[in-house]
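Enquirer: Structure of the sequence below:
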Amino acid sequence: MKEYVSVTARFDCDGNLLPVILHWKDGRDFSIDRILDMRYAASLKAGGAGIRYKCRIMGQEKYLFLEDNRWFVEGK
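Expert: Numbers count the residues shown, from 1 in each chain. Here you go, the predicted model:
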């Protein structure tokens with residue numbers, strides 16, 4: 001299941017779009033500590049495909065996807 005989220009992102013000097021803060025619908029914000037990997041890939045749990053960012057958030061590795069200009073994470 002896709003959980004759509006709001007994201008604050010920036011462009012780096014090479015033109016890559018990089019997420020910085022993930023905003024949940026309930027008002028919680030999570031700073032993205034580090035982007036570990038970025039590639040075009042499918043979401044095997046939620047379906048769909050887009051740019052998959054492997055992020056470290058609060059010490060845990062999570063996938064964040066950008067698909068058709070919408071951000072989502074894989075829900076339970």
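Enquirer: which element is the most centrally placed residue in the chain on?
Expert: Centroid-nearest residue in the chain, with Cα atoms, centre = their mean: residue 64, separated by 2.4 Å. Residue 64 is part of strand 60-67, with elements assigned from DSSP states H and E.
Enquirer: doesn't residue 49 make contact with residue 67?
Expert: Yes. Using Cβ atoms under 8 Å, residue 67 is in contact with residue 49, at 6.7 Å. From N, CA and C alone the C-beta is placed, and that goes for glycine too.
Enquirer: thinking again about what came up before, next secondary structure element downstream of the strand holding residue 64?
Expert: strand 70-74.
Enquirer: How about that next one, which residues are buried there?
Expert: Neighbour-count burial for strand 70-74, counted by 16 or more other Cβ atoms under 10 Å, picks out 71, 72, 73, 74.
Enquirer: ok, of those, which one's closest to residue 60?
Expert: Ranked by distance to residue 60 (Cβ to Cβ), those are led by residue 73 at 11.8 Å.
Enquirer: how about the nearest residue to the closest one once chain neighbours are set aside, what does it touch?
Expert: Excluding its sequence neighbours, the residue lying closest to residue 73 (Cβ to Cβ, 6 or more residues apart in numbering) is residue 3, at 5.0 Å. Neighbour list for residue 3: 72, 73, 74, 75 [criterion: Cβ atoms under 8 Å, 6 or more residues apart in numbering].
Enquirer: Can you lay out the residues you listed as a markdown table showing distance to residue 11?
Expert: Output for these, formatted as a markdown table (distance: Cβ to Cβ, whole Å):
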| residue | distance to residue 11 |
| --- | --- |
| 72 | 20 |
| 73 | 21 |
| 74 | 25 |
| 75 | 28 |
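Enquirer: the more surrounded of residue 67 and residue 49?
Expert: Relative neighbour count places residue 67 above the other of residue 67 and residue 49, with 18 against 13, counting by other Cβ atoms under 10 Å.
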